[in-house]
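>>> Just the structure for this:
(one chain, ligands or ions: 2)
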Amino acid sequence: MLGLSRIARDLCPRLRKYGPWYDINVYSGLPSRQECQHTRGLLLSGNNNHISSEAGRDTGARGCISNPDAVVLNSWDSSYTMEKSKERTEVVLLATGSFNPVTVMHLRLFELARDYLHSTGNYKVVKGIISPVSDGYKKKGLVEGQHRLSMAQLAAQTSDWIKVDAWECLKKDWTETVAVLRHHQQHQLLGKNDEGNMEKKSGSRKGNKRKRDSNCQDIPDSICAESKAVPQVKLLCGADMLESLGTPNLWKPEHIVEIVSSFGLVCITRMGSDARKFIYESDILWKYRNNIHLVEEWITNDISSTKVRRALRRGMSVRYLLPDPVLDYIKNHDLYSEESEEKNSGLILEPLMRNTKKPQ
Ligand SMILES: Nc1ncnc2c1ncn2[C@@H]1O[C@H](COP(=O)(O)OP(=O)(O)OP(=O)(O)O)[C@@H](O)[C@H]1O
Ligand SMILES: NC(=O)c1ccc[n+]([C@@H]2O[C@H](COP(=O)(O)O)[C@@H](O)[C@H]2O)c1
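Numbering: from 1, shown residues only. Ligands and ions are numbered 1, 2, ... in the order given. Coordinates of the predicted model:
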């Protein structure tokens, strides 16, 4: 830890010569992501290191801890940096949900969110992840995880950037969403470090993938190899899921704070939900509103998995609401019936079960 603080101190004079905006102030604690939106610079630490080292006093610049696992030095003067480096904060969009079954609207969420984030000029979406919930969620009518996973995989085949991740789904027990976010953020961090180590070992740099930052010219190779900031994982959801944050005992308050402060939300408007009003009426969400990106879906589309299952049970066509391969999969496995809709009937949803205090 002390070694890392020393590295930060050593780097200051070198970085300072590129301009006052690079003064470094590595804070302890966990600032909100909005303070880190333009995170750039040197990845300094790994697991749970909360470095406190004041290396520069100018108010025009700061570094910050962008997540519990990484310390990055960033530029405070974002407009200058944007213009100078044309770099944007990399984002991984994570959508959790039942996906019972996945619909074309689920895929649209990713496209809408990516368009919006790119239009801000501040972000570059590098990946989308669909993470179907585990059977342990115990939602009524939830068909087996393996089927929901397979359908999501078939749907994602049409995209070159949306992937399906089985980590959450294949667990026997339900995982709280904040833990899923932490898992994927950690994965990003390890991925970046592995990439850095691989390059150091092979001594090669592949194409443009990890171009040496011009600001790194006289910084030791061992540090520069890790100079690309880790992508931020953000939760992607519809406005109904955002509103579910207000359902008593469904979400732990500290988890809501962590989601909106440390990760951030990208929320797509949905018929029947008023996300703006909900944010206004919630003190926590209002406090972190700069880290909640509300995306207006102008081509409104109220496809829902519940409606699709209902139509399937009634023998009605759902073609063009789901990708064709998903429809074929449902037919081949005879997935949705009156019987399947009764699954978990009478059971309490796992988050409610966990968060409801038992009477003394
Ligand atoms: N039409 C839609 N508009 C906006 N968001 C949507 C839409 N459909 C799904 N979502 C979002 O996709 C995520 C995963 O949704 P989920 O798997 O629960 O599907 P769903 O269609 O909402 O299911 P259900 O009908 O059971 O509520 C959630 O964040 C949800 O808000
Ligand atoms: N406390 C929590 O972390 C919490 C509570 C309720 C739902 N969720 C998640 O939100 C999503 C909701 O999906 P559905 O809209 O299909 O019910 C699921 O991924 C579920 O795991 C998380």
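>>> C-alpha from now on. contacts and neighbour counts both.
OK.
>>> Contact residues of the stretch 151-300 of the chain facing ligand 1?
Contacts of the stretch 151-300 of the chain with ligand 1, taken as CA under 6 Å from any ligand atom, map to Cys237, Gly238, Ala239, Asp240, Met241, Ile268, Thr269, Arg270.
>>> ok, now with 8 Å
Residues of the stretch 151-300 of the chain lying close to ligand 1 (CA under 8 Å from any ligand atom) are 236-242, 267-271, 297, 300.
>>> low pLDDT regions in the stretch 151-300 of the chain?
Within the stretch 151-300 of the chain, the ranges that satisfy pLDDT under 70 run 192-228.
>>> Flag every residue of it that's near ligand 2.
Residues of the stretch 151-300 of the chain lying close to ligand 2 by CA under 8 Å from any ligand atom are 174-179, 240-241, 244-245, 250-252, 255.
>>> if we can go back for a sec, among the residues of the stretch 151-300 of the chain next to ligand 1, which ones are in strands?
Residues of those located in strands (DSSP state E): Leu236, Cys237, Gly238, Cys267, Ile268.
>>> So which of those is the closest to Glu87?
Lowest distance from Glu87 to these (CA to CA) belongs to Leu236, with 22.4 Å.
>>> quick one: that closest one and Val266 touch, right?
Yes - judged on CA atoms under 8 Å, Leu236 makes contact with Val266 at a distance of 4.8 Å.
>>> still on that earlier bit, let's have the residues of the stretch 151-300 of the chain next to ligand 1 in CSV, adding neighbour count.
Compiled in CSV, those are given as follows (neighbours: other CA atoms under 10 Å):
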residue, neighbour count
Leu236, 25
Cys237, 24
Gly238, 20
Ala239, 22
Asp240, 17
Met241, 17
Leu242, 21
Cys267, 23
Ile268, 23
Thr269, 23
Arg270, 21
Met271, 13
Glu297, 15
Thr300, 10
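>>> Now the common contact residues for Leu236 and Val266.
Common contact partners of Leu236 and Val266 (CA atoms under 8 Å, 6 or more residues apart in numbering): Ala113.
>>> returning to what we had before: Leu142: which of the residues of the stretch 151-300 of the chain next to ligand 1 is nearest?
Nearest member of those to Leu142, counting by CA to CA, is Met241, at 17.1 Å.
>>> circling back: got a quick PyMOL command for the buried subset of the residues of the stretch 151-300 of the chain next to ligand 2?
With 16 or more other CA atoms under 10 Å as the criterion, this PyMOL line picks the buried residues out of those:
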select buried, resi 174+175+176+177+178+240+241+245+250+251+252
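>>> next helix or strand past the helix or strand harbouring Ile279?
Assigned by DSSP states H and E, Ile279 belongs to helix 275-281. As assigned by DSSP H and E, the chain's next helix or strand after helix 275-281 is helix 283-287.
>>> Mind listing what's buried along that next one?
Leu285, Trp286.
>>> okay, it in PDB with CA atoms only?
C-alpha atoms of helix 283-287 as PDB (Å, rounded to 0.1, in the frame of the first residue of the first chain):
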ATOM      1  CA  ASP A 283     -34.000  11.200  -1.600                       C
ATOM      2  CA  ILE A 284     -31.300   8.600  -2.400                       C
ATOM      3  CA  LEU A 285     -32.000   8.600  -6.200                       C
ATOM      4  CA  TRP A 286     -32.200  12.400  -6.200                       C
ATOM      5  CA  LYS A 287     -28.800  12.700  -4.500                       C
END
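>>> Report the strands that pair with the next helix or strand after it, each with its relative direction.
Under the assignment DSSP H and E, the closest C-terminal helix or strand after helix 283-287 is strand 292-295. Strand pairing for strand 292-295, using DSSP bridges, gives strand 265-268 (parallel).
>>> which residues are in contact with the strand it pairs with?
Under the criterion CA under 8 Å, 6+ apart, residues 109, 112-113, 234-239, 242, 259, 291-297 lie in contact with strand 265-268.
>>> go with 10 Å
93-95, 108-110, 112-114, 116-117, 233-242, 259-260, 275, 288-297 (CA atoms under 10 Å, 6 or more residues apart in numbering).
>>> among the residues of the stretch 151-300 of the chain next to ligand 2, which are in helices?
Among these, the members found in helices (DSSP state H) are Thr177, Val178, Ala179, Asp240, Met241, Ser244, His255.
>>> what ranges do the strands span in this structure?
Under DSSP E, the chain gives strands at 25-26, 43-45, 53-54, 64-67, 70-72, 89-97, 123-132, 162-164, 232-238, 265-268, 292-295.
>>> pLDDT (mean, whole number) over the fifth one?
With pLDDT averaged residue by residue, strand 70-72 scores 26.
>>> And for the second one?
In this model, strand 43-45 has an average pLDDT of 28.
>>> now swap in the third one and tell me
For strand 53-54, the mean per-residue pLDDT is 26.
>>> Same check on the first one?
Taken as a whole, strand 25-26 has an average pLDDT of 25.
>>> next one: stretch 108-118
Per-residue scores along stretch 108-118 average to 98.
>>> Go ahead and name everything in contact with the helix holding Ile279.
For helix 275-281, using CA under 10 Å, 6+ apart, the contacting residues are 238-243, 245-246, 267-269, 285-289, 292, 294-295.
>>> Nice, that's everything, thank you.
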